[in-house]
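> dropping the sequence and predicted coords here.
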Amino acid sequence: MSTRRQFSAGSRAAGFTLIELLVVIAILSSAIALLLPAIQSGREAAGRVQGSSNPELAALAAEVKRFATQDTNNLKQMAIGLHAFQDAHGHLEGTAEGEREASREQINMITSFLDPFCGTERRAGDLGRRAAALLSEGDLDQREREALRQLEGKLSMIEREARNALERSFRETGLKRSQVCSGPRRPAASKAPRDSGPS
């Protein structure tokens, strides 16, 4: 029998149990442990193509390195924040002995922890699609093509690990992607430009 419920964003009474909360924290902790080495290897793969004479390839490599640095910092800060709160208060946000239902603060905490995984999944997917598009072009030498293939594989792995962590968390809590992720899963490049006409 499942203890999961559908969480309604407008419902104050809805929530999930502390056991579900702790399971989600365990999912995210293991995802961080898997993502950090994957992101580091993505940064190394980007370093192998950064000096390319192909300007699109060099720009992609620089963007992957920026993404890897920012994402590593975000994940580390999330883990440090969680441990610091628990050390300072002896328990996680709002949890105390005898409580069964998660509080609004706990729900907010979980959604704030899930949001960076949404960003990781989205950005790794966008960068991976750019790598795949560059691979389909014929103006790369063999060394660049092999390095780019490795980079695409690393980005695909990062996207997959972030998605798995999110989907497991959503299944456990009944939360929906639309309630947690602040942006669309489609590439950010599809946004309409700001006013491009004359002022």
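Happy to help now that I have it.
> dump stretch 37-50 to PDB, restricted to CA.
Extracted C-alpha coordinates of stretch 37-50, given in PDB (Å, rounded to 0.1, in the frame of the first residue of the first chain):
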ATOM      1  CA  PRO A  37      31.900  13.200 -10.400                       C
ATOM      2  CA  ALA A  38      29.800  13.300 -13.600                       C
ATOM      3  CA  ILE A  39      30.000  17.100 -13.700                       C
ATOM      4  CA  GLN A  40      33.700  17.000 -13.000                       C
ATOM      5  CA  SER A  41      34.300  14.500 -15.900                       C
ATOM      6  CA  GLY A  42      32.100  16.800 -18.100                       C
ATOM      7  CA  ARG A  43      34.300  19.700 -17.300                       C
ATOM      8  CA  GLU A  44      37.400  17.600 -18.200                       C
ATOM      9  CA  ALA A  45      35.800  16.600 -21.500                       C
ATOM     10  CA  ALA A  46      35.100  20.200 -22.200                       C
ATOM     11  CA  GLY A  47      38.700  21.100 -21.500                       C
ATOM     12  CA  ARG A  48      39.800  18.700 -24.200                       C
ATOM     13  CA  VAL A  49      38.000  20.600 -26.900                       C
ATOM     14  CA  GLN A  50      38.300  24.100 -25.500                       C
END
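> how much distance is there from that stretch to the middle of the chain?
Chain-centre distance of stretch 37-50: 17 Å, with C-alpha atoms, centre = their mean, to the nearest Å.
> does the most centrally placed residue in the chain count as helix, strand or coil?
In the chain, the centroid-proximal residue (C-alpha atoms, centre = their mean) is Phe117; its distance is 2.3 Å. For Phe117, the assignment made with DSSP: H, G, I helix; E, B strand; the rest coil gives helix.
> now stretch 166-184: mean pLDDT?
Taken as a whole, stretch 166-184 carries a mean pLDDT of 79.
> just the buried residues of it, please?
166, 168-170, 172-175, 180-181 (16 or more other C-beta atoms under 10 Å). Backbone N, C-alpha and C define where each C-beta goes, glycine included.
> can you put the residues you listed in JSON lines and add distance to Asp139 and secondary structure?
Shown next, in JSON lines, are the buried residues of stretch 166-184 (distance: C-beta to C-beta, whole Å; DSSP: H, G, I helix; E, B strand; the rest coil):
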{"residue": "Leu166", "distance to Asp139": "36", "secondary structure": "helix"}
{"residue": "Arg168", "distance to Asp139": "41", "secondary structure": "helix"}
{"residue": "Ser169", "distance to Asp139": "42", "secondary structure": "helix"}
{"residue": "Phe170", "distance to Asp139": "41", "secondary structure": "helix"}
{"residue": "Glu172", "distance to Asp139": "47", "secondary structure": "helix"}
{"residue": "Thr173", "distance to Asp139": "47", "secondary structure": "helix"}
{"residue": "Gly174", "distance to Asp139": "49", "secondary structure": "coil"}
{"residue": "Leu175", "distance to Asp139": "45", "secondary structure": "coil"}
{"residue": "Val180", "distance to Asp139": "41", "secondary structure": "helix"}
{"residue": "Cys181", "distance to Asp139": "36", "secondary structure": "coil"}
